[in-house]
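Build me a structure from this.
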Amino acid sequence: MSKKFVPYANEADVLHIGGLMIENRVDRVTITGDVDLTMDKQGLTKTRALHQLLSDVLARLDAQALPDQLPPPDVKSVKNPFA
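From the prediction side, this is the model:
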């Protein structure tokens, strides 16, 4: 990983661990996909990366005054420009 993934830092960073895709947002980190944590060196590498990611997320959450729950996103419909 050449660039450090900083949870909640921006709306652009994406990290891949095995088949997992971790997307950064300013109010959430989204994890989709799957990963096999196999009993070999590749599994160890993936497990360490996942552990580091979750440790970073936990540290960031612990350092904040958090609301009980985020409000729903403000979703707006726009006219299809291709119609």
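
Assess the claim that residue 14 and residue 25 are in contact.
No - with contact defined as CB atoms under 8 Å, residue 14 does not reach residue 25; the gap is 10.7 Å. From N, CA and C alone the C-beta is placed, and that goes for glycine too.

Between those two, which is the more surrounded one?
Neighbours were counted for residue 14 and for residue 25 using other CB atoms under 10 Å; residue 25 has more, 14 against 10.

Count the neighbours of the closest residue in space to the more buried one that isn't next to it in sequence for me.
The shortest distance from residue 25 to any non-neighbouring residue, by CB to CB, 6 or more residues apart in numbering, is to residue 11 (5.7 Å). Neighbours of residue 11 under the rule other CB under 10 Å: 9.

so which strand or helix has residue 11?
Under the criterion DSSP states H and E, no helix or strand holds residue 11.

can you pull the contacts of it?
With contacts defined as CB atoms under 8 Å, 6 or more residues apart in numbering, residue 11 is in contact with 24, 25, 26.

what's the closest of the residues you listed to residue 33?
Nearest to residue 33 among the contacts of residue 11 is residue 24, at 15.2 Å by CB to CB.
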